Structure formats: structure tokens, C-alpha cells
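Asker: coordinates only, sequence not included:
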Ligand SMILES: *Cc1c(COP(=O)(O)O)cnc(C)c1O
């Protein structure tokens, strides 16, 4: 039987886009040096500051999230600078690699997959650096590959004491999970449009603290595309140094309007509810979360130890039950599957993802009782509604 083509995308990016966002992209092209563009860019930039919780300017580059890693490093550091890269998963490893390839003296502080970074271990390492050789600390806010969220606030306290710049990759966090750039004292925060911000891929968004911008004044790293100073001087006229991704900026404006209507705190609460529902469902199926300490489990993506080959599980979930789940990355590819629940995703979608997972597991001969996971998640939702 042919199936009606409607499927549910439950991967941690790219995420589904709201109809308003899709419609916004069909607007006619405009002159990127004209007033209409400047008005659009001003509006998007100002709205983004509220999502970053910063009074500092936010810069938008056409690009993938990964571009933000490079932008953070080449704008604030000098050739050969010492960098402490804290890694709790595959995205941490990738940022580490970027820093190595750019020639920095990178030291890696690694935590095993499933664990969050220990702020005390970071503090201890920084305390040993009496000569203040370490110029920057790199960390993921939310490690999408393992479904673990770092305690960025506590890490920021440790880094503040030392004086290095704290650079935070919040590609799968910003908009979904609490983050206070100014209040917590974060120096660089970067994200992409295609995760919690509910847009198609293609925008790399980054903010720098005053300290980071002061460091940028002295940075001797070569750069062109990611040059903060050029972006900053264009931003004074609500322009960009080169052609902006105009259609994506229309999309982002529509998405930020939706986020404003929900409120940022409302979005954080929705993601917390979806995280709790998902974890309750997973445990009710008798499966194990990859997150070792559930208090550090992410509310934007849940990583689950797979009781069968995760590729087969995902294939059945996709082909027979219409739900696209994510696999594991790197060494975890054969061990886990992930349920993304961030961005334009609602609690009902989590029920559907759990139902499909349960049915796919049953199809593959795993001993699960159909309906258990959904019931457990419903219970969480009902309790939330009742308050
Ligand atoms: C998705 C993601 C990235 C990379 O984004 P791309 O757009 O694929 O370059 C970086 N960090 C984290 C934590 C992510 O989830």
C-alpha cells in the first residue's frame, strides 16, 4: 500500500519549520543596500539580542553553525595562543579540531560520553595556569551528540576567576534552554538558525562580550569572511560586509516573532516538558538514557542506548511509522539513537515519536509493551497541565 507522504522530523537539527517561516521566505528579493533591508536587519538583530540575553550586538553571517566556531577563534585570539577545549561529545571534538587546525596550542579536557563537564575539574585546571597562558575556554552549552547539557553558569564562574574568554557553542541550546549571556558573563555565544530557532539551515549567529570585542581589536589572526570588525562597522548602518542571506533573514524574523509570542521563558518551559515526557517514555520502555546523571539530560534532544541496531530501528520507525529519528555520531553510531525535540516541536509530537519508537522496537522483536511509553509521557503532560 502506498503511504500518504507525511512524516514527522524528530532529529536535533535541521528541525521542522513553522508555516509562517516557510511563507516569509517567499517574499520578493530586495536591494541589500536599501532601506527595506536595513529595517529588516535592524529588527532581526534587535530581536536576537533578547534571545541571547545580551545588550551586545549580535552578528549574523551566512553559514552553517560550524562557521561560528571559526569566527569565535579567529576574531579574539592570536596565532599560537593556548586554548582549553572542553569536550563531552562529538561537537566538542569537532570544535577542538577547528582550534587545532587554526594552529592554536589546544589542550583538551575530555569527559566520557553521557557525562557533563565537571566545573570543578575546569576550575582546577585553570587554577594551575598561574601565568595565565590559557586565553580561551571552549564549551558546548548542549552536546547534541550525547543529549547532555553543561552547567554553563557554574563553568562561567570558574572561568571568570581565571580571566580567559569563555566561548559557548549553543547551537542546540539557544532559544530552547536557559542561557543568560550577560548575566552569566559569557564572552562568545554562537548558534545556528536550524535548531531551536525554527529556521532552515544557513545562518551562523554569534555575539561577543565587550571583553571579547576588546580582544578582537588586538587579534592578529588572519580572517576575511568571519571578520568581526568588518561586520561591526557594517552593522552601524544595519548592513553586512557582503551579500546577506536575505530570504533566511525574513524567515528568522518570522520565527523570532513566534518566539516572542510564546515568550522565551515559555519556550524554555515547553522544552523542559518535552524533555521530561521523552525521558519518562524512554524509561517506561525499559531503555536506558545515555546521560549518566538524569539531572544533566538535555531538554532539546534525548539520546537513548539502543537495544537493537539503531539503523534498523530508525528505518522501521521511518518507513512503517512515519517518524524520522536520529542516529548516533562518531563512536556512538552503532550504540544509540536520538529523539530531537527542539524548535517547532510540541508535546504531541513527542507522544508520536515515542509511539513510533515503541512500535518499531516491537516489530524488531524487542520485548516492549505497546502503549507504555506513551502513557508515561501522557502522565507527565497531564501533571504539567494540572500544575
Ligand atoms: C548542529 C550543531 C553544530 C553544527 O552546526 P552545523 O550547522 O551543522 O555546522 C554545532 N554544535 C552543536 C552543539 C550542534 O548541535
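Answerer: Thanks, I have the structure now. From a predicted model like this one, the values you see are computed outputs, not experimental measurements. Numbers count the residues shown, from 1 in each chain.
Asker: leaving out chain neighbours, which residue sits closest to residue 76?
Answerer: Among residues not flanking residue 76 along the chain, residue 215 sits closest, at 4.3 Å (C-beta to C-beta, 6 or more residues apart in numbering). (Glycine included, C-beta is placed from N, CA and C.)
Asker: same question for residue 167.
Answerer: Residue 167 sits nearest to residue 188 (C-beta to C-beta, 6+ apart), 4.1 Å away.
Asker: check contacts around that neighbour.
Answerer: The contact partners of residue 188, by C-beta atoms under 8 Å, 6 or more residues apart in numbering, come to 72, 76, 165, 166, 167, 168, 206, 207, 208, 209, 212.
Asker: these in strands, which ones?
Answerer: Among the contacts of residue 188, the members found in strands (DSSP state E) are 165, 166, 167, 168, 206, 207, 208.
Asker: name the member of those with the most neighbours.
Answerer: Comparing these by number of neighbours (other C-beta atoms under 10 Å), residue 208 comes first, having 30 neighbours.
Asker: can you show me the strands along the stretch 1-150 of the chain?
Answerer: 8-9, 58-62, 82-87, 105-110, 134-140, 142-143, 148-149 (DSSP state E, counting those that start in this stretch).
Asker: could you look over the ones you listed and pick the most buried one?
Answerer: Ranked by average neighbour count under the criterion mean count of other C-beta atoms under 10 Å, the strands of the stretch 1-150 of the chain are headed by strand 142-143 at a mean of 31.
Asker: give me the contacts around that one.
Answerer: 88-92, 148-150, 170-173, 176-177, 298, 300-301.
Asker: isn't residue 296 right up against residue 115?
Answerer: Yes - contact criterion C-beta atoms under 8 Å: residue 296 and residue 115 qualify, at 7.5 Å.
Asker: verify the stated contact: residue 205 with residue 58.
Answerer: Yes - at 6.3 Å, residue 205 and residue 58 qualify as touching, with contact defined as C-beta under 8 Å.
Asker: for the stretch 1-150 of the chain, give the residue positioned nearest to the ligand.
Answerer: residue 65 (2.7 Å; C-beta to the nearest ligand atom).
Asker: around the ligand, pick out the residues from the chain.
Answerer: 13, 64, 65, 66, 91, 140, 144, 169, 171, 172, 192, 201 (C-beta under 6 Å from any ligand atom).
Asker: how near is residue 246 to the ligand?
Answerer: For residue 246, the distance to the ligand (C-beta to the nearest ligand atom, to the nearest Å) stands at 19 Å.
Asker: and that residue, what's its pLDDT?
Answerer: Here, the pLDDT recorded for residue 246 equals 98.
Asker: that one against residue 30, yeah?
Answerer: Yes - when contacts are counted by C-beta under 8 Å, residue 246 is listed as touching residue 30 (6.5 Å).
Asker: overlap in contacts, these two.
Answerer: 37, 40.
Asker: the stretch 201-350 of the chain: strands as residue ranges?
Answerer: Listed in chain order, the strands of the stretch 201-350 of the chain (DSSP E, counting those that start in this stretch) span 203-208, 288-289, 301-305, 323-324, 326-327, 336-340.
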